[in-house]
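> Give the three-dimensional model of this entry:
(one chain, ligands or ions: 1)
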Amino acid sequence: MRPCSAGPQGDRIWLFPGADGNSNPDTIVSFEAGKFPVESSKPLQYMIMRICLSILSLLGSIGLLQGQDVFISNPQSRTATDLNGKWKYVIDLYETDGMGGMPVYRNARARDKTDRVEYSLDDAQTLWVPGSWNFQKPELTYFEGAVWYRRTFDVEDLSANKRYFVYVGAANYIATVTLNGEIVGRHEGGFTPFAFEVTDHLKEEGNFLIIGVNNNRRADYIPAKVTDWFNHGGITRDVMLVEVPETFINNYFLSLDKETLKSGARRISGKLELNGSHRPETARIRIPELGVDETIAVDPEGSTAFSIEAENLELWSPGNPKLYEVSLSAGEDRVTDRIGFRTIETRGKQILLNGEPVFLKGICLHDENPIRKDRAHSLDDARLVLGWAQELGCNFIRLAHYPHQENIVRLADEMGILLWEELPLYWGIDWGNPAVLEKAKAQYRELINRDFNRASSIIWSIANETATIPERNAFLSSLADFIRSIDDTRLISAACKKDQEADGHPDSVYTYNDPIMEKLDVISFNEYLGWYGGLPDACREKTFSFGYDKPVIVSEFGGGALQGLHGDKLTRWSEEFQAWLYVESLAMFDKIDGLAGLTPWILVDFMSPLRQLPDVQDGWNRKGLISERGEKKKAFYVLKDYYESK
Ligand code: GCU
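Numbers count the residues shown, from 1 in each chain. Below is the predicted model:
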């Protein structure tokens, strides 16, 4: 058992995974300092302690230690202090959360020469927030572990009638948030937002916000240990101090009532969620452009459901991305948003947008700015990639393989680009572990809370290339039910695999009978014939058979090319090979009965430690249609021409 650091007596120490020397993955240990779990000569006490630790770990894993006090949607429209910028940092290589026994989040300073404080945030170096640490400092490029960040700030007119939350757009992978030396919460998940209340810890001057981030990969995380993308660590999206009234609208869900649409009427239904003890009896919803100004009753629990007539409402669509200014108020709180209203559903093999069949001309995308070699986090990053997708002729993007930054979803609303969103339930997940299912539900709830009101988002995907073992089938079936229970306004899909195991399998008919397809609205599958097995002309002999009368999306296909490498079409890694592969693949998929869309893999080359072929990959997955320097490859124009012909 590794000795744990112990702060001053009575301190609660919150250690990072594995810090208790436990081989068991992701044991988050939180215990009274000075009473830390050590092997005891008294086996009974030791056994009791082990049981307690296991319970703690389970609670930690299923988020009961996850302290997400309350989800705060649309922080951009609230009174908030931007805490982005240069933050001090300390590397906590041994994950003891303290140096010399003093927890870093205490922000201690040596008072005199005898004082044993063996770190100094005041004199530390800095990292930009938001931004992964990996390409900001050479020594952090491949670092996986714990870093403590610090930001100091003052609060003007700190008010007793207000409440304050630290809001983080995302931190990969586990974040421990502390303010003025007190732990206020812990969040697991590298791609969804979270907020913790700090009202009772805030002061007017000299606040120190210290956030510990650990991007270790573990078997019971989401994703698990191996992915084909770079494990960017750190505070990767915006941080802000959000100020709200004592009782406020923390979340709200509005959508077009699809039943009334069929009758020609237009009604908006939904609900608000209020947080706080002084709940008003009513709330108000205004959509000035539609002449909507409704007062609705608020039930004692602080939530309220409503259904509002919205005559003359213009439906949102790629051709007409109409957004309405919506103003919600309750008590002293008021929040505004720009929301589009549409319906999405299926009928047999068709996907219907506002009741009309739509063909999804898509492309896959990672949440990365390749030029900056960093996670995307700004509106400019979103404009860059959505501009490329629009130039390609896309009306649809698969945001692979995890929730992307919120800017891209909001910009897609403005530009009229439909979106597929997903959690990284990717390859090998610890499917038999109930705590992992709870994590998936918690993270999906955060994603749906964040994006429910985004018209562009039409599909929630629940898995990518996962083996059809019983535990996975049960896990995904439960997750699909859970998602539908909190959002029945969108479609559910998953990127599945064919029945035939091998790449380039000789069968002329590829069959799909993945049991999870029963639970999906849209069947999707990845197929790399011509790249992983076979040559592109093998595509000419293939057809596809699905056991379901449902729409089909090809959620991945493609091959690698180094931009600027030219040769004949049989020269692997040349632009000509990739272009030929696209020609043959598109002709093959075009024959599918019920083909409702395509999202080829992938718009832009992206970083991956799995891709180390010297002078060709050099740490990049080269299946992009555009290089990491923004240069288009020949296949870009093959796909562009195909979409123009659809
Ligand atoms: C898989 C996987 C992607 C990966 C791609 C590839 O299908 O879903 O994440 O990058 O294939 O091999 O490039």
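> Tell me the secondary structure at the residue nearest the centre of the chain.
Computing the C-alpha centroid of the chain and ranking residues by CA atoms, centre = their mean puts residue 403 first, at 2.3 Å. Assigned by DSSP: H, G, I helix; E, B strand; the rest coil, the conformation of residue 403 is coil.
> what about the closest residue to the ligand within the stretch 251-400 of the chain, neighbour count?
Nearest residue of the stretch 251-400 of the chain to the ligand, counting by CB to the nearest ligand atom: residue 400, 6.5 Å away. C-beta: built from backbone N, CA, C; applies to glycine. Other residues within reach of residue 400 by the criterion other CB atoms under 10 Å amount to 28.
> picking that back up, and the residue nearest to the centre of the chain, what are its phi and psi?
phi -60, psi 130 (degrees, to the nearest 10).
> and what of residue 269?
Phi and psi for residue 269, reported as degrees, to the nearest 10, are phi -120, psi 160.
> doesn't residue 257 make contact with it?
Yes: under the criterion of CB atoms under 8 Å, residue 269 lies in contact with residue 257, with a separation of 4.7 Å.
> Common neighbours of the two, please.
Here residue 269 and residue 257 share the contacting residues residue 307, scored by CB atoms under 8 Å, 6 or more residues apart in numbering.
> what about those two, which has more around it?
Each of residue 269 and residue 257 has its neighbours counted (other CB under 10 Å); residue 257 has more, 21 against 18.
> How about stretch 622-639 and the ligand, touching?
Yes: looking at stretch 622-639 against the ligand by CB under 6 Å from any ligand atom, the contacts come from residue 623.
> Other residues contacting that stretch?
Contacts with stretch 622-639, where a contact means CB under 8 Å, 6+ apart, come from 363, 370-371, 373, 388, 392-393, 558-564, 573, 575-576, 578-579, 581-583, 586, 600-607, 611, 616, 620.
> Pull up the distance across it, start to finish.
This stretch, stretch 622-639, spans 16 Å end to end (CA to CA, to the nearest Å).
> from the chain's centre, how far out does that stretch sit?
On the basis of CA atoms, centre = their mean, to the nearest Å, stretch 622-639 sits 25 Å off its chain's mean C-alpha point.
> again with stretch 194-211
Computed by CA atoms, centre = their mean, the separation of stretch 194-211 from the middle of its chain amounts to 25 Å.
> and it, how far apart are its ends?
Its first and final residues considered, stretch 194-211 spans 13 Å by CA to CA.
> Closest approach to the ligand from this protein, which residue is it?
Using CB to the nearest ligand atom, the point where the chain gets nearest to the ligand is residue 228, with a distance of 3.7 Å.
> Isn't that residue up against residue 602?
No: the pair residue 228 / residue 602 is not scored as a contact, 10.3 Å apart, by CB under 8 Å.
> between the two, which one's more packed in?
residue 602 (21 against 17).
> residues contacting that one?
Taking CB under 8 Å, 6+ apart as the contact definition, residue 602 lies against 363-366, 400, 558, 621, 623-625.
> could you redo the last one with a cut-off of 7 Å?
Under the criterion of CB atoms under 7 Å, 6 or more residues apart in numbering, the contact partners of residue 602 comprise 364-366, 558, 623-624.
> Just give the number of residues close to the nearest residue to it once chain neighbours are set aside.
When the adjacent residues along the chain are set aside, residue 602 lies closest to residue 364, with 4.4 Å between them (CB to CB, 6 or more residues apart in numbering). Neighbouring residues of residue 364 were enumerated by other CB under 10 Å; the total is 26.
> Hmm, residue 364 is touching residue 604, no?
No: under the criterion of CB atoms under 7 Å, residue 364 is not in contact with residue 604, lying 9.6 Å apart.
> what about burial for the contacts of stretch 622-639, which qualify?
Buried members of the contacts of stretch 622-639, counted by 16 or more other CB atoms under 10 Å: 363, 370, 373, 388, 392-393, 558-563, 573, 575-576, 578-579, 581-583, 586, 600-607, 611, 620.
> Those in helices, which ones?
The helices, defined by DSSP state H, take in 388, 392, 575-576, 578-579, 581-583, 586 from the buried ones among the contacts of stretch 622-639.
> how about JSON lines for these, with distance to residue 127 and pLDDT added?
Converted to JSON lines, those look like this (distance: CB to CB, whole Å; pLDDT from 0 to 100):
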{"residue": "388", "distance to residue 127": "28", "pLDDT": "98"}
{"residue": "392", "distance to residue 127": "34", "pLDDT": "98"}
{"residue": "575", "distance to residue 127": "37", "pLDDT": "98"}
{"residue": "576", "distance to residue 127": "42", "pLDDT": "98"}
{"residue": "578", "distance to residue 127": "37", "pLDDT": "98"}
{"residue": "579", "distance to residue 127": "41", "pLDDT": "98"}
{"residue": "581", "distance to residue 127": "40", "pLDDT": "98"}
{"residue": "582", "distance to residue 127": "40", "pLDDT": "98"}
{"residue": "583", "distance to residue 127": "45", "pLDDT": "98"}
{"residue": "586", "distance to residue 127": "43", "pLDDT": "98"}
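> before we move on, back to that, any idea what the residue nearest to residue 602 is bridged to?
Each beta-bridge partner of residue 364 is listed here, defined by DSSP bridges: residue 398.
> Return the residues of the chain in contact with the ligand.
Listed as neighbours of the ligand in the chain under the rule CB under 6 Å from any ligand atom: 228, 401, 464-465, 526, 556, 601, 621, 623.
> Which parts of the stretch 51-200 of the chain are strands?
With strands called from DSSP state E, counting those that start in this stretch, the stretch 51-200 of the chain shows them at 79-82, 85-91, 98-99, 102-103, 126-129, 146-153, 162-168, 171-172, 174-179, 182-188, 194-197.
> contacting residues around residue 315?
With contacts taken as CB under 7 Å, 6+ apart, residue 315 has the following neighbours: 341-342, 354.
> now residue 244
Taking CB under 7 Å, 6+ apart as the definition, contacts of residue 244 comprise 78, 162-163, 333.
> Please report the distance of the nearest residue to residue 306 once chain neighbours are set aside from residue 286.
The spatial neighbour of residue 306 that comes closest, neighbours along the chain excluded (CB to CB, 6+ apart), is residue 296 at 4.5 Å. Summarising the geometry, the distance separating residue 296 from residue 286, computed by CB to CB, to the nearest Å, is 11 Å.
> And for residue 215?
Computed with CB to CB, the distance linking residue 215 and residue 286 is 43 Å.
> now swap in residue 251 and tell me
In this structure, residue 251 lies at 18 Å from residue 286, with CB to CB as the measure.
> Could you say which helix or strand holds residue 644?
Element membership of residue 644 [criterion: DSSP states H and E] is helix 634-645.
> ranges for the strands of the stretch 301-450 of the chain?
Listed in chain order, the strands found in the stretch 301-450 of the chain under DSSP E, counting those that start in this stretch are 303-309, 324-330, 333-339, 344-347, 350-353, 356-357, 360-365, 368-369, 374-375, 396-399, 418-422.
> The fourth one: partners in the sheet, and parallel or antiparallel?
What that stands for is strand 344-347. Strand 344-347 pairs in its sheet with strand 350-353 (antiparallel), by DSSP bridges.
> So what touches the strand it pairs with?
317, 342, 344-346, 357-358, 360, 522, 551, 596.
> now those residues in TSV, with neighbour count and pLDDT?
Formatted as TSV, the contacts of strand 350-353 follow (neighbours: other CB atoms under 10 Å; pLDDT from 0 to 100):
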residue	neighbour count	pLDDT
317	18	98
342	24	96
344	21	97
345	17	96
346	17	97
357	13	98
358	20	98
360	26	98
522	25	98
551	26	98
596	23	98
